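Student: For reference, the sequence and a predicted model appear below.
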Amino acid sequence: MKIGNVLKTIGALVILVWVADSMMTIWYERPRPDLKSTTQKSVRYAGVIHVHSRYSDGSGTIEQIIRAAHTADLDFLVMTDHSTLQPLIDGYQGYHNDLLVLIGEEVNTSAGHLLALGLDHHVEQQGDEGLSALLDSIDSSAGLAILAHPTGRRPWTAWPVRPVHGIEILNADTAWRDDHPLEWIRVLLFLWFMPEGALNSLIDRPDEAINRWQTLAQQQHLVGIGSVDAHARIPLWGDQSLQFPSYARMFGLLRTYVVLDSALSGAEVPDRQQILDALRNGQCYIAVDGYEKASQFDFEIQVDDTSFNMGSHVVFQQGAQVRVKAPSSGAVLVRLYRNGQEIVEVSAQDIVYDLSEPGVYHAEAYQVRPRLFGSEEARLWIISNPIWVEE
Ligand SMILES: [Zn+2]
Ligand SMILES: [Zn+2]
């Protein structure tokens, strides 16, 4: 056989294996059916954080975005257009049927992008030296400052940073840009007939952001936030753009669950405060809901008869136990971390672990999905917020 033919055959085989592997990957990353709901002590609300509309560089009007949020069955929606609170002035904040809309903004600072939530006035950085004044003013106005895509395309450059309440550890927009061109080609091939599986395949564990977060969390109370950073807009040429991926699709993919002790009242002001407080305290977790709804996830520390939820600060005591539950209709892997280091991994939906030392503990859950040649891959599904166990 000529060398050219050998090369052609090898090339054809490689492409064939890649196509087969891609098909399996996307096929097995389809959503699983949702579990029946069970009784839980706390109440969960699912929302999305970091959304752009036509008030800045998103493609949708707020009415369209609200419709998409209804389609995706969201309980709350946090809008963050660039450098404007105009949607607040225009009256969009509040309940739209059973959807609570909160209006914040994404602020351009000298060190990167920052989400400012819970404010009733527009804020911006004054001059190169004004970053700490900006952060102080958000904090003193009882607002929330969250570093946006700190390890992404426009990374945060002023570490360490205070007072900041949260840090985006998962930003869907960044998660995609990180991916290999071959992953993109695979997604574009399969998007039209298996869209959820295709989009799920683009979200990998954001190691760098998690490590950064866990290092900082040993010094300060810092909440991990998952953001969609949805624009529904791929720029083409001039003013032309593609409305993709749609808001509704993004709102089904990556969500934040807040964990509350009691149900929301239906009144805008107290409910908004409850959600912002839960985000500030870290009573929330991130879920790649494109795989399966993670509404029954639990991570707590039990000391004597008291259980402490995500976001708590607990004094270390012998006999204390960590409990993680990640109920799923399929196989799941649960990992427990201390100060960002993995300490336990179980192929089960529950962990009970005896605490032996203080530290910053958080849990992650993975969906176990089959791969080519009988192998399996653990795909990131849930990231909890920490429980701080102190001396
Ligand atoms: Zn940004
Ligand atoms: Zn953004």
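Tutor: Arrived safely, thanks for sending. Ligands and ions are numbered 1, 2, ... in the order given.
Student: For the chain, what lies in contact range of ligand 1?
Tutor: Neighbours of ligand 1 within the chain, by Cβ under 5 Å from the ion: 113, 148. (Glycine included, C-beta is placed from N, CA and C.)
Student: ok, now which ones touch residue 107?
Tutor: Counting by Cβ atoms under 8 Å, 6 or more residues apart in numbering, residue 107 makes contact with 83, 113, 114, 115, 116, 123, 124, 125, 134.
Student: And residue 275, how far from residue 284?
Tutor: Using Cβ to Cβ, to the nearest Å, residue 275 is found at 9 Å from residue 284.
Student: re earlier: so which of the contacts of residue 107 are also by ligand 2?
Tutor: The subset of these within reach of ligand 2, by Cβ under 5 Å from the ion, is empty.
Student: Quickly list what's touching both of residue 275 and residue 284.
Tutor: Common neighbours of residue 275 and residue 284 are listed as residue 258 (criterion: Cβ under 8 Å, 6+ apart).
Student: burial count for the residue nearest to residue 49 when sequence neighbours are not counted?
Tutor: Take residue 49 and drop its neighbours on the chain: the residue closest to it by Cβ to Cβ, 6 or more residues apart in numbering is residue 78, 4.4 Å away. Counted with other Cβ atoms under 10 Å, residues neighbouring residue 78 total 26.
Student: SS state for residue 78?
Tutor: strand (DSSP: H, G, I helix; E, B strand; the rest coil).
Student: For the stretch 1-150 of the chain, which segments count as strands?
Tutor: Assigned strands in the stretch 1-150 of the chain, in chain order: 43-51, 76-82, 94-96, 99-109, 112-117, 144-147 (criterion: DSSP state E, counting those that start in this stretch).
Student: partners of the fifth one in the sheet?
Tutor: Spelled out, that is strand 112-117. strand 99-109 (antiparallel), strand 144-147 (antiparallel) (DSSP bridges).
Student: mind saving the C-alpha coords of stretch 182-191 as PDB?
Tutor: Taking C-alpha atoms only, stretch 182-191 is exported to PDB below (Å, rounded to 0.1, in the frame of the first residue of the first chain):
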ATOM      1  CA  LEU A 182     -12.700  20.400  18.800                       C
ATOM      2  CA  GLU A 183     -15.200  20.600  21.700                       C
ATOM      3  CA  TRP A 184     -16.800  23.600  20.000                       C
ATOM      4  CA  ILE A 185     -17.000  21.700  16.700                       C
ATOM      5  CA  ARG A 186     -18.600  18.800  18.500                       C
ATOM      6  CA  VAL A 187     -21.100  21.000  20.100                       C
ATOM      7  CA  LEU A 188     -22.000  22.800  16.900                       C
ATOM      8  CA  LEU A 189     -22.600  19.400  15.200                       C
ATOM      9  CA  PHE A 190     -24.900  18.100  17.900                       C
ATOM     10  CA  LEU A 191     -26.600  21.300  19.100                       C
END
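Student: quick one: average pLDDT of it?
Tutor: For stretch 182-191, mean pLDDT rounds to 85.
Student: Residues of the chain that sit close to ligand 2?
Tutor: 106, 229.
Student: Against which helices or strands is the longest helix belonging to the chain packed?
Tutor: In the chain, ranked by residue count with DSSP state H as the criterion, the top helix is helix 3-28. Using 3 or more Cβ pairs under 8 Å, 6 or more residues apart in numbering; DSSP states H and E, the elements in contact with helix 3-28 are helix 181-190, helix 195-200, strand 359-370.
Student: just the angle between the longest one and helix 3-28, please?
Tutor: Right, strand 359-370. On the basis of axes from the mean of the first three to the mean of the last three Cα atoms, to 10 degrees, strand 359-370 is oriented at 120 degrees to helix 3-28.
Student: what's the answer for the first one, then?
Tutor: Orientation note: helix 181-190 sits at an angle of 60 degrees relative to helix 3-28 (the same axes, to 10 degrees).
Student: Beta-bridge partners for the closest residue to ligand 1 within the stretch 51-200 of the chain, please?
Tutor: Residue of the stretch 51-200 of the chain nearest ligand 1, by Cβ to the ion: residue 113 (3.6 Å). Per DSSP bridges, the residues bridged to residue 113 are residue 108.
Student: you'd agree it is up against residue 154?
Tutor: Yes: if you go by Cβ atoms under 8 Å, residue 113 and residue 154 touch, sitting 5.8 Å apart.
Student: of these two, who's got more company?
Tutor: Using other Cβ under 10 Å as the criterion, residue 113 and residue 154 rank with residue 113 on top: 24 against 13.
Student: mind listing what the more buried one touches?
Tutor: 106, 107, 147, 148, 149, 154.
Student: returning to what we had before: which of the strands paired with strand 112-117 sits most buried?
Tutor: Mean neighbour count (mean count of other Cβ atoms under 10 Å) peaks for strand 144-147 among these, with a mean of 27.
Student: Show residues contacting that one.
Tutor: Applying Cβ under 8 Å, 6+ apart, the contact partners of strand 144-147 are 49, 104, 112-118, 135, 138-139, 156, 161, 163-168, 223, 225, 276, 279-280.
Student: pLDDT below threshold where in the protein?
Tutor: Scanning the chain for pLDDT under 70 picks out 1, 38-39.
Student: Let's have the helices and strands packed on helix 3-28 in CSV, adding mean neighbour count.
Tutor: Formatted as CSV, the helices and strands packed on helix 3-28 follow (neighbours: other Cβ atoms under 10 Å):
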stretch, mean neighbour count
helix 181-190, 15
helix 195-200, 22
strand 359-370, 23
